[in-house]
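> Return atomic coordinates for the entry below.
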Amino acid sequence: MIETRAVSKWKPFVLPVLKSKVEELHVLGYDQADEENVWDCCLKKVWKKDVELRLHQVVQDIFHLSAGTYMAYLTREFYRNDDLLAQIEAISGLNNE
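Here you go, the predicted structure:
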């Protein structure tokens, strides 16, 4: 029987796959790519939650992650973090007045 697990449980087993995907993204010019970013991108954009999958499905999803999907993830994370910083600065500015 083929085992299914929550994708978060497969992470230690797919580290070589993540490394391969990072190397591919570096070749495409995404120098900031690292294993953690690629993993987070898959969690948020591909699987959208900690779903139950088989190992080969997780590997396939990582290998099929497109540069466009990765770029959309990076852009969303940048704006989300930028909005958070702006909100913190706004609140801090209100408290200083």
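> Contacts only, for residue 20.
residue 63 (C-beta atoms under 8 Å, 6 or more residues apart in numbering). Using the backbone N, CA and C atoms, a C-beta is placed for each residue, glycine as well.
> what separates residue 36 from residue 19, distance-wise?
Distance of residue 36 to residue 19, computed by C-beta to C-beta, to the nearest Å: 11 Å.
> Repeat that for residue 42.
Using C-beta to C-beta, we find residue 42 at a distance of 14 Å from residue 19.
> The two: which has the busier surroundings?
residue 42 (24 against 13; other C-beta atoms under 10 Å).
> just checking, the more buried one touches residue 60?
No - with contact defined as C-beta atoms under 8 Å, residue 42 does not reach residue 60; the gap is 11.1 Å.
> element containing the closest residue to residue 35 other than its chain neighbours?
Distance criterion C-beta to C-beta, 6 or more residues apart in numbering; nearest residue to residue 35, sequence neighbours excluded, is residue 18 at 4.2 Å. In this assignment (DSSP states H and E), residue 18 forms part of helix 15-27.
> after that helix, next one along is what?
helix 35-41.
> what does that following helix contact?
Outside helix 35-41, the residues within contact range by C-beta under 8 Å, 6+ apart are 11, 15, 18-19, 21-22, 25, 62, 65, 69-70, 73-74.
> count of residues packed around residue 58?
By the criterion of other C-beta under 10 Å, residue 58 has 22 neighbours.
> ok, now how distant is it from residue 41?
Taking C-beta to C-beta, one finds residue 58 at 13 Å from residue 41.
> List only buried entries from the contacts of helix 35-41.
Using 16 or more other C-beta atoms under 10 Å as the burial test, those include 11, 18, 21, 22, 25, 62, 65, 70, 73 as buried.
> Out of the helices and strands in the protein, which is least certain?
helix 67-96 (a mean of 72; mean pLDDT, DSSP states H and E).
> What pLDDT is listed against the most centrally placed residue in the chain?
By C-alpha atoms, centre = their mean, the chain has its centre lying nearest to residue 41, at 1.8 Å. What the model reports as pLDDT for residue 41 is 94.
> For the helix holding residue 18, the averaged confidence score.
Averaging pLDDT along helix 15-27 gives 97.
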